[in-house]
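K.L.:
predicted model, plus sequence, below.
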Amino acid sequence: MSAIKANKIGDQKGAKASVLQALRLHGANSRAHLAKLTGLSKGGVSDTVAELLESGFIRETRALPSTGGRPGIAMELVPGSHVIFGAEYTNNEWSAAAFDLLGNELAAVRIPLSDESPEAAVAELAAVFRRLEQQYADRAVKLLGLGMPGLVDTERGVIQSAADIGWSDVPIGAMAKAMLGWPVVVLNRHRARGLAECRYGAGREMQQMVYVGVGTGIAAGLFHGRQLIPGMVGGAGEIGHITMEPHGDVCPCGNRGCLQLLSSGPAIVQEFERLSGVAADSPQQGLRGAGSPDASLPDAESICRAADLGDPVAKQAVLHAAEYLGIALASLVNLFNPQGLVLGGAIPAAGSLYASVAERVMRERAMAPLSQGTIVRTAQIGDIGGALGAANYALDKHMSLDILTRAG
Ligand SMILES: [Zn+2]
């Protein structure tokens, strides 16, 4: 490459990163639409696209359908050109994976942990990513995204509190960075899953989307323009801890009557047991809320399946939980007026009653002109979504032409 050309690339670094980012967020697009998405001039886009084509970052693809003007040629990222890394921590194991820039899964590894201390968890994770880095030595983007349970300070990479796993004030980002030598970006695992749904799953055509994940806990992710709205420290979307009952039970977060105590997997188990006449002082009482072990989840999933099959007690327990969730969803719709709501996590996936009741209640309680236009879907990407979203968020935070050209 000549010095003149290298200088020219240097001058246009920001433009190239903008075009690549637009293709990551919005998929294949014509030059004209890329100009709208990036704010670059049409001439600027043409020059930038030409250089990106030449350097092998992007390729031309199918002709776009005509929208009144001439049918154009779309640009898209080249599948497999770069490899990004992400992992989700859940149920005492890591789900670690490698993806290309189009979200295609290239490798996935489950890492069950016998020692659940943060130090041991990070050491096992780092070993796997060192192997993946070697496997994709020629195109690895040296960044890692981690989707973690609990309240995560994304700016500092610190898990502030995760009652599920008993971690608090764990600087997981710095710990992983010290072992791998790469920048590490950390976010709540439900928000990571939401980002994956927004870009590649149930919300892939939505510009405004809210994802609500329901499992042992409940958390949401808010997405605008196909990007996560993190809030000041990554806490935007903690819907599991909004108050539903002012004098309700005490939640591990310190508040009373939180949504999570009423609509999560453990809450369904607890309500089922109450309705079945299980003694209130039984050991099952401990299943309640965010402090419950993940081992309770299969029970909640069974109850959701039994409800779908018509079991009257299971049905009543699921209705109770789903109605509260629907009330919370109505508030989300009134607050954010999203194009769509995506319900993810183990509980909406276990049976159709939970999600359908939550949707019905949302439509009853949200302002009609807002709820009528709101699409409600269940998540389409499975458990790999946490790793996929985390990998994407890490690249969002560090996106530059430089980090991609340094890959390998
Ligand atoms: Zn709470």
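P.N.:
That came through, no problem. Since this is a predicted model, take the numbers as computed values, not measurements.
K.L.:
count of neighbours near Gly257?
P.N.:
A count of nearby residues for Gly257, using other CB atoms under 10 Å, gives 16. For every residue, glycine as well, the C-beta is placed using N, CA and C.
K.L.:
need the nearest residue in space to it, chain neighbours excluded.
P.N.:
Taking CB to CB, 6 or more residues apart in numbering, and ignoring the residues beside it in sequence, Gly257 has Gly248 as its nearest neighbour in space, at 2.5 Å.
K.L.:
check Ser356 too.
P.N.:
Nearest-residue entry for Ser356: Ala322, 8.0 Å, with adjacent residues in sequence omitted and distances by CB to CB, 6+ apart.
K.L.:
so what's Gly326 up against?
P.N.:
Contacts here follow CB atoms under 8 Å, 6 or more residues apart in numbering; on that basis Gly326 touches 357-362, 364-365.
K.L.:
could you rerun that using 6 Å?
P.N.:
The neighbourhood of Gly326, defined by CB atoms under 6 Å, 6 or more residues apart in numbering, consists of 358, 361-362.
K.L.:
need the residues you listed in TSV with neighbour count, can you?
P.N.:
Listed next are these as TSV, based on neighbours: other CB atoms under 10 Å:
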residue	neighbour count
Ala358	29
Val361	20
Met362	23
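K.L.:
so which of those residues belong to helices?
P.N.:
Under the assignment DSSP state H, those contribute 358, 361-362 to helices.
K.L.:
dump these to TSV, plus pLDDT and distance to the ion.
P.N.:
TSV is the format used below for the ones in helices among the contacts of Gly326 (pLDDT from 0 to 100; distance: CB to the ion, whole Å):
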residue	pLDDT	distance to the ion
Ala358	98	19
Val361	98	21
Met362	98	21
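K.L.:
now distance to Val212 too, for those, in TSV please.
P.N.:
Compiled in TSV, these are given as follows (distance: CB to CB, whole Å):
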residue	distance to Val212
Ala358	9
Val361	13
Met362	10
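K.L.:
still on that earlier bit, I'd assumed Ala358 was in contact with the residue nearest to Ser356.
P.N.:
Yes - with contact taken as CB atoms under 6 Å, Ala322 and Ala358 are classed as touching, separated by 4.6 Å.
K.L.:
pull the helix or strand with minimum mean pLDDT from this structure.
P.N.:
Taking mean pLDDT, DSSP states H and E as the measure, helix 3-11 is the helix or strand of the chain with the lowest mean score, a mean of 40.
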